[in-house]
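S.K.: Got a predicted structure here, sequence first:
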Amino acid sequence: MEVILLQDTSKLGQKDDIVVVRNGYANNYLIPKGYAIAATPSAKKMHSENLKQRAHKEEKIKANAQEIAAKMAGISLVVGAKTSTSGKIFGSVNTIQIAEALKEKGFEVDRKTITLPEDQIKEVGKYKAVVRLHREVKVDVDFEIIAE
């Protein structure tokens with residue numbers, strides 16, 4: 001079944017993408033939760049018209065995201081964490097801490113747009129995170145975890 005996504009859905013697609021999913025997934029999850037609508041011929045026609053009208057706005061948003069990415073590319077973050085004597089972190093470093101460190105540097109970024117290299121970072125060291133500012137604009141941010 002073809003559906004038009006109304007918002008970004010991880011591992012499925014971005015907003016306004018037309019994707020093919022199984023009938024049960026669409027009818028029982030995506031459509032009732034408001035994540036997608038059925039891609040009927042009339043919905044596809046309205047979707048293409050909306051995309052044409054939004055194309056100019058998207059260009060501005062993408063240009064703005066590229067400017068922010070250029071500024072963000074040169075920074076490196078330092079995140080403090082409580083550690084043991086061997087360098088293992090109590091708990092783990094997550095996207096919330098990276099988002100707060102970026103906010104201190106002057107970049108307002110949603111934590112959901114940050115992707116860490118591993119599921120959980122458990123040791124002191126240097127790592128890279130990927131920040132998705134726009135559908136087509138991603139930037140790598142270096143960060144170092146130090147003991148507090």
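M.R.: Sure thing, it's come through. If you're wondering where the values come from, they're calculated on a predicted model, not measured in any experiment.
S.K.: quick one: the helix or strand P32 falls within to chain centroid distance?
M.R.: Applying DSSP states H and E as the criterion places P32 in helix 31-33. Distance of helix 31-33 from the chain centroid (C-alpha atoms, centre = their mean, to the nearest Å) equals 22 Å.
S.K.: Show residues contacting the helix or strand just after that helix.
M.R.: Per DSSP H and E, the first helix or strand lying C-terminal to helix 31-33 is strand 36-38. For strand 36-38, contacts defined as C-beta atoms under 8 Å, 6 or more residues apart in numbering pick out M1, E2, V3, I4, L5, L6, T9, A26, L30, I31, A43. (Each C-beta comes from the backbone N, C-alpha and C, glycine too.)
S.K.: Which of those ranks first by neighbour count?
M.R.: Tallying neighbours with other C-beta atoms under 10 Å puts V3 at the head of the contacts of strand 36-38, with 24 neighbours.
S.K.: From E123, how far out is that residue?
M.R.: To E123, V3 is 42 Å away according to C-beta to C-beta, to the nearest Å.
S.K.: where along this protein do the strands fall?
M.R.: 2-5, 18-20, 36-38, 76-81, 88-93, 114-115, 121-123, 125-132, 138-147 (DSSP state E).
S.K.: hang on, the earlier thing: in terms of secondary structure, what does the helix holding P32 contact?
M.R.: Packing contacts for helix 31-33, counted by 3 or more C-beta pairs under 8 Å, 6 or more residues apart in numbering; DSSP states H and E, involve no helix or strand.
S.K.: What's the biggest helix in this protein, counting residues?
M.R.: Taking DSSP state H as the criterion, the chain has its longest helix at helix 41-72.
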